[in-house]
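>>> Structure of the sequence below:
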Amino acid sequence: MGTRTIAELRIAAPAARVWNALREPREIKRWFGWEHGGLDAEVEFIFGSDAEVVEEGRRLRFSGVDTTVTISGLGAGSSLRVTKPADGSDALPYDEVEAGWITFLQQLRFALERHPEEARRTVYLAATAARAPLDAFEPLGGCAIGSRYELTAAEKIAGELWFEHENQFGLTVDEAGDGLLIVARNPQAATASAILTTYGLDDDAFEWLRARWTEWWKAV
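You can find the predicted model right below:
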């Protein structure tokens, strides 16, 4: 049986550091998902009891979703590849777990490349209407990865287009302490979500940002 690649990306960090970010709970919580009351238990299950070390420092297998993560060194950087068995059936047009891998690995890359060993705080937003929140980002149409943007969503924001994938994209956000905003849609459920990861904001600045984005998201 062959394999099917879910995601593959290069990270400007040594393979040993990427491996550590996938194995140490303290490091995982610097990038994985978003902060919520069950994050510790989620990290323990996914990266602890559900994870099998196939090859130390290089390959992990997650049994619950039958997925393997392989890390390869590339000079001073590394590549990370996520695969699962190809069972011969047609891939689903949209798979929520696979979309999650893309989101989380981009969070990992951002944390390692731009904010290594820094604490983060997140704002998670979800909507049952997939279209309305995304309208604010239409000015990004045609932008190249790495190019600068400016637009107005909850506030005027600027940064660069970090990545783009079918049904999701990521923007760096200068106003979030060089943060990362990942906006995604689930075309099957007709829903949308956003994760805004922030760095270096004091309590007042973070609470203002959280309240502003939450109010805007609900309004649209």
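>>> So, low pLDDT: which residues of the chain?
Per-residue confidence for the chain (pLDDT under 70) gives these ranges: 1, 88-92, 129-132.
>>> Which secondary structure elements does the helix ranked longest in it sit against?
Secondary structure of the chain per DSSP state H: the longest helix is helix 96-114. Helices and strands touching helix 96-114, as assessed by 3 or more CB pairs under 8 Å, 6 or more residues apart in numbering; DSSP states H and E, comprise strand 3-11, helix 15-23, strand 77-85, strand 156-165, strand 168-173, strand 179-186, strand 191-198. (Glycine included, C-beta is placed from N, CA and C.)
>>> relative to strand 179-186, how tilted is the fifth one?
Angular relation of strand 168-173 and strand 179-186 on a 0 to 180 degree scale: 160 degrees, by axes from the mean of the first three to the mean of the last three CA atoms, to 10 degrees.
>>> Same question for the fourth one.
Orientation check (the same axes, to 10 degrees): strand 156-165 against strand 179-186 gives 50 degrees.
>>> Enumerate residues external to strand 156-165 that contact any of its residues.
102, 106, 110, 140, 143-151, 169-175, 178, 180-181 (CB atoms under 8 Å, 6 or more residues apart in numbering).
>>> One more pass at 6 Å, please.
Strand 156-165 is touched from outside by 102, 106, 143, 145-148, 150, 170-175, with contacts defined as CB atoms under 6 Å, 6 or more residues apart in numbering.
>>> What strands line up against that strand, and which way round?
Strand 156-165 sits in its sheet next to strand 148-152 (antiparallel), strand 168-173 (antiparallel), going by DSSP bridges.
>>> ok, residues contacting the last one?
Contact with strand 168-173 is made by 106, 157, 159-160, 162-163, 179-182, 184, as judged by CB under 6 Å, 6+ apart.
>>> re the thing from before, any idea which of the strands paired with strand 156-165 is most buried?
Mean neighbours per residue, mean count of other CB atoms under 10 Å, is largest over the strands paired with strand 156-165 for strand 168-173, with a mean of 23.
>>> what's the angle from that one to strand 191-198?
Going by the same axes, to 10 degrees, strand 168-173 makes 30 degrees with strand 191-198.
>>> Please name the residues that touch Val54.
Val54 neighbours (CB under 6 Å, 6+ apart): Arg61.
>>> quick check, it in a strand?
Yes. Counting by DSSP: H, G, I helix; E, B strand; the rest coil, Val54 is part of a strand.
>>> I would like the residues contacting the one helix or strand Trp217 maps to, please.
Secondary structure assignment for Trp217, by DSSP states H and E: helix 203-219. Residues from elsewhere that reach helix 203-219 (CB under 6 Å, 6+ apart): 121, 123, 125, 154-155.
>>> Weed out the non-buried ones from those residues.
For those, a neighbour count by 16 or more other CB atoms under 10 Å gives the buried set as 121, 123, 125, 154.
>>> so the second one is in which element?
Of the helices and strands defined by DSSP H and E, Val123 is found in strand 121-127.
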